[in-house]
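Visitor: Sequence and predicted structure are below.
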Amino acid sequence: MERRKVGILGATGMVGQRFIQLLNNHPWFEITWLAASDRSAGKTFGEACRWKLDTPLPKKIAEMTVQPNVPELCEGELPKIIFAALDADIARDLEPRFAAAGCAVISNSSAFRMVADVPLVVPEVNADHLDLIETQSWRKAYGGKGGYIVTNPNCSAIGLVLALKPLEERFGIESLFVSTMQAVSGAGYPGVASLDILGNVVPFIKNEEEKMQEEVGKLLGRLDGNRIEMLDAKVSAHCNRVAVEDGHTECVSIKFKRKATREEILAAWSEFAPLRHFVQDQHLPTAPEQPVEYDAAVDRPQPRLDRMRGRGMAATVGRLRECTLLDWKFVVLSHNTIRGAAGAALLNAEVLALLGKLDKLGVNAKPVAAQVAVTA
C-alpha cells in the first residue's frame, strides 16, 4: 500500500509521543506534520518535547518544526489524515475544525465518543460502526468525500470490550461489574504527583467510571441503519489509580443471559479472530495475531509480564472462575497507551485505509468557516 502522509495533533504529550513511536517506519503511513499548543509551535520537536518513551526520538522527527494546532494558522497544505491526541476540552473545539478542513480526524479524545454520528470503534469488536462517518455533516458537505471524526474508546474500556465481545456474541450479557487498577501513564505527563501515588491507591479518576459504563454500551451495541442500539446490559465500574507505569488491570464479574461452561468461555476467547474474516487476505500491520490471550497461571496476568503481548495490542485474560454473586469472574490486562490509546487509533486508521475511506478526501484548502456542528 502506498504510504500516506499523516499529522499528529497534540504531538508533544504522552499519547502523541506514542503515536510517533508506533508510526515511525510504519509501512502505510508517514509522519509529515506535527502540531501542538502555542508554547511549542515554531520550535523544533526536539526543543518542544520532553521525550519520555523507552525508544530514541527519531532524528527526522526531532528536526521537524511544530505547527500551530489550528488549521487556519498552519503553514502549507494540511495532511489529510490527522491522529489527534488532545485533552477533551481542546479537542471539542479543534477536531471539528480539522474535519471541516477535509481531514480524516482519528481521535483518541473523549470529546465526541458518545455523539450519535461519530463511530466509537475497536475494529475487532465493531468495525461495522465505521459506516456512521458517512452521516457526518463534514463528510456529506463535499459529496461524501469530506472530512470526518472517528474515535477510539477510553483506555480502560478497550481491554474490557475485547474480552467481552466473544462472550457477548455467544452468551449475551445481562450485567457486569468491573474494578480497575489503572497505570499512572494513563494520567498523562506530569500526571499524578509521586507523593500522591507511591505506596498508595487513589480510588478516583475523574469521569472514568462514567466513560466506561457509557462506552461499553456503545461499543457492544448494534448498528441499526444510521444509529447505534446500545447494549442492553447493566454495567457498574470502580476505577482506581495505582503505582504501575503501564498496563491497566481489571477484575470483572459477569452474568450471562445464557448459561456458559468454563470450556465454552475459554473456547470463545481462543477462537475470537474477527479481523481474519473482515480483512480476508490483507494484513493489518498493527493488529495482534490473537486479540485475546488466556493465561492459565494462577497469578496472571500481571502488567510487568503481560502488557506487551501482541506488541502491546492484545488483551490478556486469566483467573477464570465461578462467581458466587453473578456467573463468572476473571481478570483482564491491556497496555493503556498502546492498545488503549495510540495503537487503537492507528489500527482504526489501517481499517479505514482498507475500506477506502482515507482515499480522495475532497477538501485541500484551509477552511473559511471551519466550525460545523455534529448531530447531538
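Guide: Done, it's in.
Visitor: helices and strands around the lowest-mean-pLDDT helix or strand in the chain, which ones?
Guide: Across the helices and strands of the chain, mean confidence by mean pLDDT, DSSP states H and E is lowest for helix 274-279: a mean of 77. Counting contacts by 3 or more Cβ pairs under 8 Å, 6 or more residues apart in numbering; DSSP states H and E, helix 274-279 is packed against helix 123-126, helix 343-354. From N, CA and C alone the C-beta is placed, and that goes for glycine too.
Visitor: ok, now how distant is Arg227 from Thr135?
Guide: Per Cβ to Cβ, to the nearest Å, Arg227 is found 9 Å from Thr135.
Visitor: And the two? Which one has more around it.
Guide: Legend: neighbour count by other Cβ atoms under 10 Å for Arg227 and Thr135, higher for Thr135 (18 against 14).
Visitor: residue ranges of the strands in the stretch 251-376 of the chain, please?
Guide: 292-295, 315-322, 328-334 (DSSP state E, counting those that start in this stretch).
Visitor: Can you give me the end-to-end span of stretch 311-320?
Guide: Distance across stretch 311-320, first residue to last, is 24 Å (Cα to Cα, to the nearest Å).
Visitor: from the chain's centre, how far out does that stretch sit?
Guide: 16 Å (Cα atoms, centre = their mean, to the nearest Å).
Visitor: What are the contacting residues of it?
Guide: 158-159, 162-163, 262, 265-266, 269, 286-288, 290-298, 300-301, 306, 309, 328-335, 338-339, 343, 347 (Cβ atoms under 8 Å, 6 or more residues apart in numbering).
Visitor: got the angle between the biggest helix by length in the chain and helix 343-354?
Guide: Criterion DSSP state H: the longest helix present in the chain is helix 155-171. Here helix 155-171 points in a direction 60 degrees away from that of helix 343-354 (axes from the mean of the first three to the mean of the last three Cα atoms, to 10 degrees).
Visitor: Helix 155-171: what's the following helix or strand?
Guide: Next helix or strand after helix 155-171 toward the C-terminus (DSSP states H and E): strand 173-182.
Visitor: What's the first helix or strand after that following strand?
Guide: Using DSSP H and E, the next helix or strand after strand 173-182 towards the C-terminus is helix 194-197.
Visitor: which other residues reach the helix or strand following that next one?
Guide: Once the chain leaves helix 194-197, the next helix or strand it forms, by DSSP H and E, is strand 201-202. Contacts with strand 201-202, where a contact means Cβ under 8 Å, 6+ apart, come from 181, 192, 196, 240-243.
Visitor: C-terminal to strand 201-202, which secondary structure element comes first?
Guide: Following strand 201-202 in sequence order, the next helix or strand is helix 208-219 (DSSP H and E).
Visitor: What pairs with the helix or strand following that following helix, parallel or antiparallel?
Guide: Scanning forward in sequence from helix 208-219 by DSSP H and E, the next helix or strand is strand 222-224. Counting by DSSP bridges, the strands paired with strand 222-224 are strand 227-229 (antiparallel).
Visitor: how long is stretch 312-330 from one end to the other?
Guide: End-to-end distance of stretch 312-330 (Cα to Cα): 20 Å.
Visitor: Give me the angle between the longest helix of the chain and strand 173-182.
Guide: 150 degrees.
Visitor: Helix 155-171: which residues count as buried?
Guide: Within helix 155-171, the residues that count as buried by 16 or more other Cβ atoms under 10 Å are 155-168, 170-171.
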